[in-house]
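Trainee: need a 3D model of the following:
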Amino acid sequence: MIFTPEDSGRLDAPVTYAACKGEKVVISGGSKLHFRWKAHGDGIMQAQTPAGLEIDQLFINGQRQHMARYPNYDPDATPYNGAAADAFSSERAAHWADPAGGYIHALHAHLWGGYHYRITGKTAAGEITYEGGWQNNRQMGLHDSRRFVENIFEELDAPGEWFHDEKAHILYYYPPEDVDIDSANLAAERGYRCPGLDQGGGAELELDRSYHPPSDGTTAGSSASGRTGGNGCHSLRSGGCSI
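Mentor: Down below sits the predicted model:
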C-alpha cells in the first residue's frame with residue numbers, strides 16, 4: 001500500500017482515513033515472516049533467515065518482543081525498563097563472544113537526556129569499544145548506573161527475547177509458554193521509506209522507526225518512535241510533532 005500527496009486531498013477538502021464504525025483496522029509497516037523453527041537449547045528456538053534481512057523490531061501475534069538485553073525487561077522498572085551499573089563492564093562482557101553490533105543506552109551523568117551507542121567490539125583487555133553518543137550536546141559522560149545493553153546474543157535468556165545474527169542469517173527467539181512458535185504470526189519492522197518526495201530537487205526522505213498514533217479506531221502496528229533522516233532534501237517543514 002502506497003500513499004502519495006494526492007491521497008491527502010486538498011487544503012479545502014482534506015482526506016481522512018478512519019475505521020468504519022465498530023470496526024478495527026491495523027496498518028502495519030512490518031513484513032510478515034515465515035520460518036521453519038528448530039530447537040537451539042535452553043528454551044531458545046532458531047530459524048534460518050534470508051540474506052539481507054534486517055530486523056529492528058520483532059512482533060509475535062501483534063506483540064512487540066524485546067531484543068536480547070541486560071538487564072532483562074521489567075515493565076515496572078525505570079528507567080529503560082531495567083538498568084544496571086555493570087551493563088557493559090569488562091566482567092559482564094567476558095562471556096560475550098562477539099558483541100559488535102550491540103547497543104548501549106544510558107542517561108546523561110546528570111540526567112540531562114541520554115546517549116545511545118553502537119558496540120564495535122572488545123579490546124585485548126576485554127574492555128567494550130563503542131561509537132556514537134552524538135544525541136546530547138552536553139557531553140559530560142554516561143550515568144554510572146542508569147544504563148543497559150541490547151542486541152547481545154549471550155543475553156538471550158528470558159521469554160520474549162530475540163537475537164538476529166545477520167552474519168549467519170539465523171534468528172534466535174525465546175518464546176513464552178503461551179506462544180506456539182510454529183503457528184504464531186511473525187512480523188519484522190525495519191523503518192519506513194517515502195520515495196519521490198520532490199520539492200524541485202528530486203530528494204528522498206527516510207522515516208526510520210517512525211510512529212504516528214492514529215485515531216478513530218485505527219490501530220498502528222509494527223511501529224515505534226525513533227529517528228528521521230533525509231538525503232538531499234530541502235524546503236522541508238515539520239509540524240504537529242511531539243518530540
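Trainee: can you pull the contacts of Asp42?
Mentor: For Asp42, the contact set (CB atoms under 8 Å, 6 or more residues apart in numbering) comprises Asp157. For the C-beta atoms, the positions are set from N, CA and C on the backbone; glycine is no exception.
Trainee: also the one 3 residues further on?
Mentor: Remark: with contacts taken as CB under 8 Å, 6+ apart, Met45 is in contact with Trp37, Lys38, Ala39, Tyr172, Tyr173, Tyr174, Pro175, Ile181.
Trainee: most neighbours among those residues, please name it.
Mentor: Most neighbours among those, by other CB atoms under 10 Å: Tyr173, with 27 neighbours.
Trainee: wait, doesn't that residue sit right on Ile55?
Mentor: No - using CB atoms under 8 Å, Tyr173 makes no contact with Ile55, being 10.8 Å away.
Trainee: the helices in this structure, which residues?
Mentor: Using DSSP state H, the helices of the chain run over residues 90-93.
Trainee: how's it carved up into domains?
Mentor: Recorded structural domains for the chain (assignment: automatic domain parsing) are 5-28+191-231, 34-189.
Trainee: least reliable of these going by mean pLDDT?
Mentor: Here the lowest mean pLDDT among the domains of the chain goes to domain 5-28+191-231, at a mean of 59.
Trainee: before we move on, back to that, which among the contacts of Met45 gets closest to Tyr103?
Mentor: Comparing these against Tyr103 with CB to CB places Tyr172 closest, at 16.7 Å.
Trainee: quick check: Gly102 vs Arg36, distance?
Mentor: Distance of Gly102 to Arg36, given as CB to CB, to the nearest Å: 27 Å.
Trainee: and Trp112, by the same measure?
Mentor: Separation of Trp112 from Arg36 (CB to CB): 48 Å.
Trainee: same question, His108
Mentor: From His108 to Arg36 the distance is 45 Å (CB to CB).
Trainee: who has more neighbours, those two?
Mentor: Per other CB under 10 Å, whichever of His108 and Arg36 has more neighbours is His108, with 18 against 7.
Trainee: roughly how far does the more buried one sit from Phe153?
Mentor: Computed as CB to CB, the His108 to Phe153 distance reads 29 Å.
Trainee: ok, now Trp96?
Mentor: On the measure of CB to CB, Trp96 and Phe153 end up 8 Å apart.
Trainee: which of those two has more neighbours?
Mentor: A direct count of neighbours by other CB under 10 Å for Trp96 and Phe153 places Trp96 higher, at 21 against 18.
Trainee: that one contacts Glu154, doesn't it?
Mentor: Yes - the pair Trp96 / Glu154 is scored as a contact, 5.2 Å apart, by CB under 8 Å.
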